[in-house]
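# need a structure here:
(2 chains)
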Amino acid sequence: MKPIRYFLLLSSVIAFLLTSCTTTNNEVVVYTSVDQVFSEPVLKEFEKRTGIKVKTVFDTEETKSTGVLNRLIAERNNPQSDVFWSGDPMRADVLKQRGITEAYRSPAASGISEVFIDNDYNWIGFSSRARVLLINTNLVKPQDIPSSILDLTNEKYKGKFTVANPLFGTTSFHIAAIFAALGDEKATQFMEDLKKNGVVISSSNGDVKKKVATGEVQMGLTDTDDANEAVKEGAPVKAIFLDQNGFGNLIVPNTVSLIKNSQNSENGKKLIDFLLSVETEKMLAESCAQMPLHKGVPVPSTVPSLDNIVPMKVNYAEVAQKSEQIKEYLKQWARQ
Amino acid sequence: MGKTINIKTILLLVAGLFSAAIVLPLGALLFGTISGQASEVVNNITSIFHGDVLQSIGNSLIISTAVSILSVLLGCCFAFLFSKANLPFSKALRLLLLLPFLLPSYVICVAWNDVWLFADVHRNLIYSLPAVVFILTTIYTPLAAFIIQAGLKNINAGMEEAGMMITSYKEVFIKIVLPLLRPALFSSFILIFILSLSEFAVPSFLSVPVFVTEIFTQFSAFYNYSLAATQSLILTAICLLLLFPERKFLTNEYFFPFGKKAFRFRMYELRNKSVPLVLAMLYLFFTVLVPVAFLAFQTFSVAKTSLLDIVIMLLPSLKDSLLIAVAGAFIVTLFGFIFSWLTAQYKLKFLQTILLFVFAVPAIVTGVSLIFFYNTPSLSFIYSSILIILIAFSTRFLFIAVKIISDNLRQIPVSYTEAAKMMGARSFYIFRKISLPLLGEALFTSFFIILIFCLNELSTVIMVYPPGTSLLPVTIFTRTANAPQHIVSGMSLVALMFTLVILLCMLFGKKVLFNQQWRESR
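Modelled structure (predicted):
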């Protein structure tokens, strides 16, 4: 075959590629920072039930959600996405503060506590995770398990615990919640004490899970879905809810927001209704042990109930704003 | 004559439009940064002199310099053993050496981290600057070996033989081979320096603060685009500084020498084959086989793992990745060729400087600039289709293609084209009948290298890939967070095998294509 024929062949392939990217009206575009392994089955189920084609841009906390959040901010003047499904309220609030989302009062949110709903309905929470202390049961004796996050400053845990980089993901939200709960002065002291006690900073919550599961460190702060994965993999680990006799354990709901001036907002609303439904909460409970916010959702026995956890009493919007305020401090803290 | 002018004009127009497509987004972002409020610009620039930022710049420079030097040294040894010495099993060893280069860097990094933890290496050693240097060196050594090997193959045997008649090979190597190899050594150094300076995944995973992680933090945690873009300018300036020595010492020499144009090639008989063979095998065992074997071990240590299931899971990504990477490599090579030809015709050397500038900008900044520029109603047809990925590939890799092809274009003896001109041949006819066939191997090499880069590109693509598209590196990366370890390792193995199969198909294709061309020419 002569080179010119190779050229024509490749050109045909490229032309095919370019023309194959057609769009249809019956679609919805969703950007999500929830891990693909959990979010994709839910979105496929929506597609199956409604016949609406779902086009997704996936991201993950491992990438610090840089992809979708920066895309949403950069696309502000010409939004490509209809819906943002976030793994935590903080990112949803960042978008709200920048005027990227709009209010949508979904009827499916009727059974969800107002604590988990933005005052202006720019985001609505559903299926929640919790921040937990994951311990390696081979390395930590029952009597040595901390009961409060503040215990981690104790000398006996020196160099034995890890947290993910507090600038990113649910860890940043967790630290901001601690600042909101304790006040700036006490929280700063706590952070400094953690540092003095040799805290190991991991690249992500997934990395925390891995370090604890492999015994590289004895314990680490992560999310219930990571903890659940470690258990499913057969690692010798256990998730501990902290501060059950104190200021409570942080609960981190997923959130969903409608993007302002989006191209398929009606389909976007349908997707939001589906995500906020009992069915979705049931699916997420089964796949990644997320705790439903609706009452009475049937869940596997391994999924903890919110009724049995003392939650940290926080105003999610305020925590999100606190997180913005303390970022510069956290950047310095993480580098020390 | 009219036809010639028209074709040249069309090519110039096409190249101009294409340049605008890849340069304008970055130019607009960076111009917006430096033309903002004076106080903000000053603050952004002075922030660079903050202790932490200076430390991260220092770390970046140390890592890039060390990785470049080590990779070039090791690459030089391998290139010599593989192409000048009659080392046994050299084809198999060459393929083995290439493996780390075929996988995304974060996969290699995670594999190494697991190996070291398994071997109970102290964590202070794992999460350290030397560990970053080690991993990046294993990744970039194949690239250096590849470039230097091509350089060695281009040395005319006559020169070495003339030297050997009067002195030892040691002298010949120092006085003849090394100076002739200088462009290949220097070009691999520059390329690896820039690639490791822009590397994010490995230092980030091993918690080593580098300048790119600093820029990334400004983007992802602070959403401070202007500061991140200003910092990117500094990074780019560092890369551009590298051009000065290139301009000073290598003005008329070849950056990527490929092909054996009119030269006889000399091989050497090793007196003692076993020592270099054992050393090469030890290196390959410890730096290539161990992490890959560990991935395999993690995959198959869980009884329920089926590689076929993983392949089925990744099938949409494999298909999309292959098609888009082939399209990307084709377009980048095609425009690399057009740019090279225009550069040679019109002496447009500044084009390469602009392309180096574009190449040196961190991938994340490139991604954001593409969003800002293309996400408008009038350009939505680009932004919402795979065209945006092809532009991203071109922005990232056109510099490499132009370097490969333009240096080979310069290698074509002027006498060939002059003889054709004297016979009355028109420029386009000369180009079609002489330049193009002689560039065949360079075009193939460019396509081959760019294809591998396109298959593994993550940082820019994750910012711009259209909803609904499924690309392999993005799929693996986004599934890594919560998929079980054996699945993650299995996906990495599938990605490796996928790239290997493509590589072998291409090598087979090259053999068929160029042998056929050789027969036809006879």
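
# Spatially nearest residue to residue A:262, not counting backbone neighbours?
In this structure, residue A:262 finds its nearest non-sequential neighbour in residue A:82, 4.1 Å apart by Cβ to Cβ, 6 or more residues apart in numbering or on different chains. For the C-beta atoms, the positions are set from N, CA and C on the backbone; glycine is no exception.

# how many neighbours does that neighbour have?
Residues within reach of residue A:82, counting by other Cβ atoms under 10 Å in any protein chain shown, total 26.

# mind listing what it touches?
With contact set as Cβ atoms under 8 Å, 6 or more residues apart in numbering or on different chains, residue A:82 has these partners: A:28, A:29, A:30, A:258, A:259, A:262, A:263, A:264, A:265, A:267, A:268, A:271.

# hmm, try it at 10 Å
A:27-31, A:54-55, A:258-259, A:262-272, B:467 (Cβ atoms under 10 Å, 6 or more residues apart in numbering or on different chains).

# Show me which of these are buried.
Burial by neighbour count, 16 or more other Cβ atoms under 10 Å in any protein chain shown: within the contacts of residue A:82 this picks out A:27-31, A:54-55, A:258-259, A:262-265, A:267-272, B:467.

# The host helix or strand of residue A:56 vs chain B: in contact?
Under the criterion DSSP states H and E, the helix or strand holding residue A:56 is strand A:53-58. Yes. With Cβ under 10 Å from any Cβ of the partner chain as the threshold, strand A:53-58 lies in contact with chain B, specifically through A:53, A:54, A:55, A:56, A:57, A:58.

# Residue B:78: neighbour count?
Using other Cβ under 10 Å, the number of residues around residue B:78 comes to 26.

# Nearest residue to it in space, please, no chain neighbours.
On the basis of Cβ to Cβ, 6+ apart, the spatially nearest residue to residue B:78 that is not a chain neighbour turns out to be residue B:145, at 4.2 Å.

# repeat for residue B:111
Counting by Cβ to Cβ, 6+ apart, the nearest residue to residue B:111 once its immediate chain neighbours are dropped is residue B:291, at 3.8 Å.

# and that neighbour, what is it in contact with?
B:99-100, B:103, B:107-115, B:135, B:138, B:492.

# SS state for residue A:131?
When states are read from DSSP: H, G, I helix; E, B strand; the rest coil, the local structure at residue A:131 comes out as strand.

# and the next element down the chain from the helix or strand where residue A:189 lies?
In this structure, residue A:189 is located in helix A:184-196 according to DSSP H and E. Using DSSP H and E, the helix or strand that follows helix A:184-196 towards the C-terminus is strand A:200-202.

# anything in that next one near chain B?
Yes. Counting by Cβ under 10 Å from any Cβ, chain B is contacted by strand A:200-202 at A:200, A:201, A:202.

# Quickly name whichever of those residues is closest to chain B.
The closest of the residues of strand A:200-202 next to chain B to chain B turns out to be residue A:201 (Cβ to the nearest Cβ; 6.2 Å).

# Would you format the residues of strand A:200-202 next to chain B as JSON lines with neighbour count and pLDDT included?
JSON lines is the format used below for the residues of strand A:200-202 next to chain B (neighbours: other Cβ atoms under 10 Å in any protein chain shown; pLDDT from 0 to 100):
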{"residue": "A:200", "neighbour count": "18", "pLDDT": "92"}
{"residue": "A:201", "neighbour count": "20", "pLDDT": "91"}
{"residue": "A:202", "neighbour count": "26", "pLDDT": "89"}
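
# Nearest to residue A:114 among those?
Nearest to residue A:114, judged by Cβ to Cβ, of the residues of strand A:200-202 next to chain B is residue A:202 at 34.2 Å.

# Identify the bridge partners of that closest one.
Following DSSP bridges, residue A:202 is listed with bridge partners residue A:164.

# The residue in the stretch 151-300 of chain A that chain B sits nearest to: neighbour count?
Distance from chain B to each residue of the stretch 151-300 of chain A (Cβ to the nearest Cβ) is smallest for residue A:167, at 4.3 Å. Burial of residue A:167, expressed as a neighbour count using other Cβ under 10 Å, amounts to 21.

# how close does it get to residue A:327?
6 Å (Cβ to Cβ, to the nearest Å).

# check contacts around whichever residue of the stretch 51-200 of chain A sits closest to chain B.
Using Cβ to the nearest Cβ, the closest approach of the stretch 51-200 of chain A to chain B is made by residue A:55 at 3.5 Å. For residue A:55, the set of contacting residues under the criterion of Cβ under 10 Å, 6+ apart consists of A:23-24, A:27-31, A:43, A:47, A:80-82, A:264, B:384, B:466-469.

# CA atoms only: put stretch A:214-233 into PDB for me.
What follows is the C-alpha trace of stretch A:214-233 in PDB, where atoms were taken according to Å, rounded to 0.1, in the frame of the first residue of the first chain:
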ATOM      1  CA  THR A 214      -1.100  -2.200  55.000                       C
ATOM      2  CA  GLY A 215       0.000  -1.300  58.500                       C
ATOM      3  CA  GLU A 216       2.200   1.500  57.300                       C
ATOM      4  CA  VAL A 217       0.500   3.600  60.000                       C
ATOM      5  CA  GLN A 218      -1.800   2.400  62.800                       C
ATOM      6  CA  MET A 219      -4.700   4.700  62.200                       C
ATOM      7  CA  GLY A 220      -5.900   7.500  60.000                       C
ATOM      8  CA  LEU A 221      -8.900   9.800  59.400                       C
ATOM      9  CA  THR A 222     -10.900   9.000  56.300                       C
ATOM     10  CA  ASP A 223     -14.400   8.600  55.000                       C
ATOM     11  CA  THR A 224     -16.800   5.700  55.600                       C
ATOM     12  CA  ASP A 225     -16.800   4.600  51.900                       C
ATOM     13  CA  ASP A 226     -13.000   4.200  52.000                       C
ATOM     14  CA  ALA A 227     -13.300   2.300  55.300                       C
ATOM     15  CA  ASN A 228     -16.000   0.100  53.800                       C
ATOM     16  CA  GLU A 229     -13.700  -0.700  50.800                       C
ATOM     17  CA  ALA A 230     -10.900  -1.700  53.100                       C
ATOM     18  CA  VAL A 231     -13.200  -4.000  55.000                       C
ATOM     19  CA  LYS A 232     -14.500  -5.500  51.700                       C
ATOM     20  CA  GLU A 233     -10.900  -6.100  50.600                       C
END
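
# now that stretch: mean pLDDT?
Summarised as a single mean, pLDDT over stretch A:214-233 is 91.

# what comes up buried for that stretch?
Buried-residue list, stretch A:214-233, by 16+ other Cβ under 10 Å: A:214, A:216-231, A:233.

# do stretch B:487-497 as well
Of the residues in stretch B:487-497, those scored as buried under the neighbour-count criterion (16+ other Cβ under 10 Å) are B:487, B:488, B:489, B:490, B:491, B:492, B:493, B:494, B:495, B:496.

# same check, this time on stretch A:153-173
So stretch A:153-173, judged by 16+ other Cβ under 10 Å, has buried residues A:153, A:157, A:160-173.

# Stretch A:86-101 now?
A:86-96, A:100-101.

# before we move on, what about stretch B:471-489?
Under 16+ other Cβ under 10 Å, the buried positions of stretch B:471-489 are B:471-489.

# list residues touching both of residue A:167 and residue A:327?
Between them, residue A:167 and residue A:327 have B:217, B:221, B:222 as joint contacts when contacts are counted by Cβ under 10 Å, 6+ apart.

# Not counting sequence-adjacent ones, nearest residue to the last one?
Translated: residue B:222. With Cβ to Cβ, 6+ apart, the residue lying closest to residue B:222 is residue A:327, at 6.2 Å.

# Isn't the one you found up against residue A:173?
No. Residue A:327 is beyond contact range of residue A:173, at 11.9 Å (criterion: Cβ atoms under 10 Å).
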